[in-house]
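Chemist: curious how this folds, go ahead:
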Amino acid sequence: MKEIYIHIGLVKTGSTWLQESLFPKLELTLVRTNKDFLNMSKAKTGKFLISNEGLGGNQHQPVEFRYYFAHGIKKLHPNAKIIIGIRDANSWLRSIYLQNVKTGHIELSYLDWYNNILDLRLCDFNKYVKLLRLLFGDYNVFVYTFKDFKNSKHNIIENLCRFMNVDCPATIDDKKLNVGLYGYEKYFLLFNKIIYILRLSMITFFKFTKGLSKRVRGK
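Modeler: Residues are numbered from 1 along each chain as shown. Predicted structure coming up:
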């Protein structure tokens, strides 16, 4: 019989560290690639851990996707056990914003992004966790907070391993991953704005030349 655990994020709750520093050391099969999923589907027995924080949705998608995914997981893996990290809303939003500035996806100030782009329903973690527990059962959903993860990481790891019924690794690399901007936010924002303006200029230029070409051919 297969045991399936699904780590669904959320983003910016230590997911990268778990995926790179903890999960590969556990006595189970980590599932992250298409090949991994294919091998899991062929297996008749074994312990599998699917880790994909995208299953918890993100700020680029309608918040409804988060709930569609939850029902989809239930349909595909009705007996799965769920792992999810949550975080203080203000800290979580700030971290998401800085990550998107860092990757070049945002050129707006935090206030402009917060007031005009963000869907604050994403921060309703209680509603989301309540749905997961309703779908999979209270004892089949492991919830940790990012604050506890930062302050008492080894306790979280021990509880998580106990939840998955695996031994804790003897040694764990505790280095930080996916490091933030640390004061360089304004420089990244400036760069992103320049790229955004250049992109708009190029689009305008090509539209102009295309229109000019049509007028010339029309003559």
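Chemist: so Met63 sits right up against Gly57, yeah?
Modeler: Quick fix: residue 63 is Val, not Met. Yes. Val63 lies in contact with Gly57 (Cβ atoms under 8 Å); the separation is 6.6 Å. Glycine gets a C-beta too; all of them are placed from N, C-alpha and C.
Chemist: any residues in contact with both of those two?
Modeler: Shared contacts of Val63 and Gly57 (Cβ atoms under 8 Å, 6 or more residues apart in numbering): Leu122.
Chemist: neighbour count winner among these two?
Modeler: Between Val63 and Gly57, Gly57 has the larger neighbour count (other Cβ atoms under 10 Å), namely 23 against 17.
Chemist: below-threshold pLDDT in this protein: ranges please.
Modeler: Under the criterion pLDDT under 70, the flagged ranges of the chain are 105, 174-219.
Chemist: how about the strands in it?
Modeler: Using DSSP state E, the strands found in the chain span residues 2-7, 29-31, 46-51, 81-86, 141-145.
Chemist: mind listing what's buried in stretch 121-140?
Modeler: Leu122, Cys123, Phe125, Tyr128, Leu131, Leu132, Leu135, Phe136 (16 or more other Cβ atoms under 10 Å).
Chemist: now the fourth one. Nearest residue, chain neighbours left out?
Modeler: In this structure, Tyr128 finds its nearest non-sequential neighbour in Arg66, 6.2 Å apart by Cβ to Cβ, 6 or more residues apart in numbering.
Chemist: re earlier: winner for burial among the strands of the chain?
Modeler: Ranked by mean neighbour count, the strands of the chain are led by strand 81-86 with a mean of 23 (mean count of other Cβ atoms under 10 Å).
Chemist: contact partners of that strand?
Modeler: Here strand 81-86 has contacts from 3-10, 13-15, 56, 73, 92, 125, 128-129, 132, 136, 140-146, 149, 160, 163-164, using Cβ under 8 Å, 6+ apart.
Chemist: quick one: strands adjacent to it?
Modeler: Paired strands of strand 81-86, with direction, are strand 2-7 (parallel), strand 141-145 (parallel) (DSSP bridges).
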